[in-house]
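**Student:** sequence below, structure please.
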Amino acid sequence: MTARSELVAALRGFARLRAPLVICDYDGTLAPLVDDPDCAFPLRESVTALDALASLADTRVAVVSGRSLNDLAALCRFAPEIMLVGSHGSEFTTGFDRDLDEPRRELLQLLTSDLDRLATADDGFIVERKPASVAFHYRKVPPGLAEPAVEAVRTGPATRAGVKVKEGKKVIELAVIDADKGTAVNRLRRQVGADAVLFVGDDVTDEDAFAILHSPDIGIKVGAGATRAGHRLEGTGETAEMLEMLVELRRAWLDGLGKG
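**Tutor:** Predicted coordinates:
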């Protein structure tokens, strides 16, 4: 079979499961990557498809992102049935940062000050503050200027005791708690009692989720690059098409069972 026919066959089987859980990354998966993170909006077709999936019987949907939970909720107006998880799996509920102990709060303040100082080298650097981490974006900065700054992050604030480092597409993030998308996927699976997970993501941080998938789970990588996922899509447009197909397959199966 071709790669596409293999994915269609996998989706058909997934759509017939008792309690499937669909989880998508946000940036680069539902929303095209853009220079300004505040302008990264999801494709309307993907939002419509996810909302439709979440409305079907025994079908659960989540979006797991590196963004803060508040940021994620503000950017994507999904149906209330869709579960949102922020900060690479750290934020399942708002206000969790209030539970950080004082040493972690102080460390986060130090890291933020460090990155703020490095960001003054060029207006294109963006320092994104999150409840338990701070991210250094350099998508808008020329490589000759970005590379020394990123190296300064790696050899400076990233080496502070207690810091967890994550690198993605033109971003390096420093966290004061340990969390990843694989842990988030497992928590969601247990929380909703899913018998299988479909996870779609595009970035290095999504590999933590792909790594914990097992049959009959489905992992789908969006874009180029090495991956543990078993399937691949070219971009956010193909993500939307795949989700629309899954809606049709799941609805048809449920209609056949009298649950439509």
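
**Student:** helices along the stretch 1-150 of the chain, start to end?
**Tutor:** 3-15, 44-55, 69-75, 102-119, 143-155 (DSSP state H, counting those that start in this stretch).

**Student:** export those to JSON lines and append columns for mean neighbour count, mean pLDDT and distance to R190.
**Tutor:** Glycine gets a C-beta too; all of them are placed from N, C-alpha and C. Below are those laid out as JSON lines (neighbours: other Cβ atoms under 10 Å; pLDDT from 0 to 100; distance: least, Cβ to Cβ, whole Å):
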{"stretch": "helix 3-15", "mean neighbour count": "16", "mean pLDDT": "94", "distance to R190": "19"}
{"stretch": "helix 44-55", "mean neighbour count": "19", "mean pLDDT": "97", "distance to R190": "19"}
{"stretch": "helix 69-75", "mean neighbour count": "18", "mean pLDDT": "88", "distance to R190": "20"}
{"stretch": "helix 102-119", "mean neighbour count": "17", "mean pLDDT": "94", "distance to R190": "26"}
{"stretch": "helix 143-155", "mean neighbour count": "14", "mean pLDDT": "93", "distance to R190": "35"}
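
**Student:** and the ones you listed as a markdown table, adding distance to H231?
**Tutor:** As requested, the helices of the stretch 1-150 of the chain are exported to a markdown table (distance: least, Cβ to Cβ, whole Å):
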| stretch | distance to H231 |
| --- | --- |
| helix 3-15 | 5 |
| helix 44-55 | 17 |
| helix 69-75 | 25 |
| helix 102-119 | 36 |
| helix 143-155 | 31 |
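
**Student:** near G225, how many other residues are there?
**Tutor:** G225: 12 surrounding residues under other Cβ atoms under 10 Å.

**Student:** quick one: contacts for the nearest residue to it once chain neighbours are set aside?
**Tutor:** Distances taken as Cβ to Cβ, 6 or more residues apart in numbering place V204 nearest to G225, at 7.8 Å, with adjacent residues excluded. V204 makes contacts with K166, E167, G168, K169, G225, as judged by Cβ atoms under 8 Å, 6 or more residues apart in numbering.

**Student:** ok, A54 next?
**Tutor:** R60, V61, F78, A79, E81, I82.

**Student:** what's the closest of those to Q191?
**Tutor:** Nearest to Q191, judged by Cβ to Cβ, of these is R60 at 8.9 Å.

**Student:** now for that closest one, how many residues are close by?
**Tutor:** 22.

**Student:** which pLDDT value belongs to it?
**Tutor:** R60 carries a pLDDT value of 97.

**Student:** look up how far A149 lies from it.
**Tutor:** Distance, R60 to A149, using Cβ to Cβ, to the nearest Å: 41 Å.

**Student:** run through who's touching the helix or strand of the chain with the lowest mean pLDDT.
**Tutor:** Here the helix or strand of the chain ranked lowest by mean pLDDT, DSSP states H and E is helix 69-75, holding a mean of 88. Here helix 69-75 makes contact (Cβ under 8 Å, 6+ apart) with 26, 31, 40-42, 63, 65, 67, 84-87, 91, 93-94, 130-131.

**Student:** mind giving me the PyMOL command for buried ones among those residues?
**Tutor:** To isolate the buried members of the contacts of helix 69-75 in PyMOL, using 16 or more other Cβ atoms under 10 Å:
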select buried, resi 26+31+40+42+63+65+67+84+85+86+87+91+130+131
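
**Student:** that'll do, ta.
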